[in-house]
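Undergrad: Sequence plus predicted model, see below.
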Amino acid sequence: MTDIQKSEDTPAGLFRLRDFRFYISGRFLGTLGMLIQSVAVGWQVYDITESPLALGYVGLAQFLPIVLLTLPAGDIADRIDRRYIVAAAGLLEAAAAGWLILLTLTHSGDVTWFYAALALFGCARAFMAPASRSFVPLLVTSAQLPRAIAVSSSTFQVAVITGPAIGGGLYLFGPVIVYAVCAALFMTVALAFLAIRTRPPVQPHAPATSAFTRVTAGIAYMRRTPIVLGAISLDLFAVLLGGAVALLPIYARDILHVGPEGLGLMRSAPAIGAIVINLLIIWRPIRKRTGHIMFACVALFGAATIVFGMSENFWLTLGALAVMGGADMVSVNIRSTLIPLATPQQMLGRVTAVEMLFIGASNELGEFESGVTAAWFGTVPAVVIGGIGTLGVVGIWMWLFPDLRKVDKLEDVKPQS
C-alpha cells in the first residue's frame, strides 16, 4: 500500500506501481489474443458457410457460457484469490485456441465443432472477467482510480487497434499460425497475473448464507442502486441494438470488397477512435455534467451506426466506425469509474460480474441479433435498424433514470448503504 500512496496521480506515477504494470500487461496480451482470434474465427466460419447466420452463432456460442457462469464466477472472485482465477482462465483460453488448431489441421467442415471450441473460450471469459476487472481498485487509491481506469482503457484499446490488424495479417499465413499465437498470448496472461504480489482480500460469508443468495447479491445491489442499474442497462441495450461488428466480414467481402486486410482495418477503426478520445480523457478528465455527457455519447454512437450501415465508401465506413468507438469510449470510461465508486469493496466481484454479464455478454448477443436481423432483412437494413433502436434507448433511459442523468462529479458518487 505504501507504493500506492507514494505514486502520483499521473499515468507515469501509475506505471511506477509494479503490480499495476503486470495487470496492464496481462490485460493487453489477453485482449490482443482475443481480438486476433476473433478475426480468424469470423473469417474462417464465414468462408466455410457463407452464411450471415453462422456469424451470429459465433457470438451465441460464447454468449451462452457467459450467461450461465458469470454470476457464480463473481461470487468466486469475492471468495478466492483472483490471481489464481485469472491464471486458470488464461490456460483454459489457450486450450480453446489449441482446439481450433486441431479443427483446422483436420480440415473440419463441420462448424459445430468450432462453436464448441468457442463455448469453451466463453467459459474461460466468464471466470476471467469479474476476477480481472475488479482488480484495479485493489492496486490504486480511490483518488487514482478514474485515471487508472482511463490508462487501463487506453492500453485495452491499443490491443483492440493492433489485434484485428495483426489477425488479418497473420491469417494470410493460415489460421493455424493465428491460433498458435493466441495460445501463447493466453498462457502469458496466466504468468502475468501470477506475478502480481497484491493479494485480494477474501470476503468471509456467514455459514448460513446460501450459495444462491451470495451469487445473486450483485443483482440485488444493482436493483436498489439506480445509477448503477441505469449505467449498466443503458450500455446493454445500446450494444445489443448497435452490435454490427459481427457483420463486418460481410461488409469487407461483399459490400466494400476489401478482403481480410480491410476487415482488420475495419475492426481496428473503432479502437482508433476510442484511444484518441481516451487519451484526451487522461489529459483532461471529465469533471462536470457526467450523466448528460454519457447519454449524449451513446446517442452519437447510434447515429454513427446508421452512417456506417448505409456507407458504401471504405473511408467513410472507417470514419463512422472510429466515431462509434470514440463515443463508446466516453460511456465506458464513465461507467467503469462510476460502478467501483458506487459499490462496496466486499461486493465488487459480484457487481462486476453482473456488469460483465450485461455488457460483455451483450456484445455476443448483439452479434447474434445482428446475424439474425441480417438474415431476415438484409445486412444494411439490420445495421440501420440497430442504430435507430439505440437512439430510442437513449431517450427512454433518460426518462427512466433521472438520477443517472443528473450525475455531475464522479468523485461525489459513494456506495449505497
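TA: Good, I have the coordinates.
Undergrad: Low-confidence stretches in the stretch 301-417 of the chain?
TA: 360-367, 369, 411-413, 416-417 (pLDDT under 70).
Undergrad: hang on, I meant the stretch 151-300 of the chain
TA: Counting by pLDDT under 70, the stretch 151-300 of the chain contains low-confidence ranges at 200-215, 242-243.
Undergrad: how about the strands in it?
TA: Here the stretch 151-300 of the chain has no strands by DSSP state E, counting those that start in this stretch.
Undergrad: ok, now the stretch 1-150 of the chain?
TA: Going by DSSP E, counting those that start in this stretch, the stretch 1-150 of the chain shows no strands.
Undergrad: now it, which segments are flagged as low pLDDT?
TA: Ranges of the stretch 1-150 of the chain meeting pLDDT under 70: 1-12, 142-143.
Undergrad: residue ranges for the helices of it, please.
TA: Secondary structure of the stretch 1-150 of the chain (DSSP state H, counting those that start in this stretch): helices at 2-6, 11-15, 18-49, 52-79, 82-105, 111-133, 136-139, 145-170.
Undergrad: want to throw the ones you listed into a markdown table with mean neighbour count and distance to Arg253?
TA: Glycine gets a C-beta too; all of them are placed from N, C-alpha and C. Shown next, in a markdown table, are those (neighbours: other CB atoms under 10 Å; distance: least, CB to CB, whole Å):
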| stretch | mean neighbour count | distance to Arg253 |
| --- | --- | --- |
| helix 2-6 | 11 | 49 |
| helix 11-15 | 15 | 40 |
| helix 18-49 | 22 | 7 |
| helix 52-79 | 23 | 11 |
| helix 82-105 | 21 | 20 |
| helix 111-133 | 23 | 17 |
| helix 136-139 | 21 | 39 |
| helix 145-170 | 22 | 12 |
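Undergrad: okay if I get those helices as a markdown table plus distance to Pro415?
TA: Formatted as a markdown table, these follow (distance: least, CB to CB, whole Å):
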| stretch | distance to Pro415 |
| --- | --- |
| helix 2-6 | 20 |
| helix 11-15 | 23 |
| helix 18-49 | 23 |
| helix 52-79 | 15 |
| helix 82-105 | 20 |
| helix 111-133 | 17 |
| helix 136-139 | 12 |
| helix 145-170 | 13 |
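Undergrad: Of all those helices, which one is nearest Val330?
TA: helix 145-170 (10.4 Å; CB to CB).
Undergrad: and the angle from the closest one to helix 18-49?
TA: 40 degrees (axes from the mean of the first three to the mean of the last three CA atoms, to 10 degrees).
Undergrad: by contact count, what packs against helix 145-170?
TA: Packing contacts for helix 145-170, counted by 3 or more CB pairs under 8 Å, 6 or more residues apart in numbering; DSSP states H and E, involve helix 11-15, helix 18-49, helix 136-139, helix 175-194, helix 259-283, helix 314-341.
Undergrad: can you tell which of the helices of the stretch 1-150 of the chain is closest to Ala322?
TA: Comparing the helices of the stretch 1-150 of the chain under CB to CB, the one sitting nearest is helix 145-170, at 10.4 Å.
Undergrad: Off-centre distance for the closest one?
TA: 11 Å (CA atoms, centre = their mean, to the nearest Å).
Undergrad: Out of the helices of the stretch 1-150 of the chain, which gets nearest to Thr216?
TA: helix 52-79 (7.0 Å).
Undergrad: by how many degrees do the closest one and helix 82-105 diverge?
TA: 160 degrees.
Undergrad: returning to that earlier point: closest to Trp113 out of the helices and strands packed on helix 145-170?
TA: helix 18-49 (11.0 Å).
Undergrad: Fine, thanks again, bye for now.
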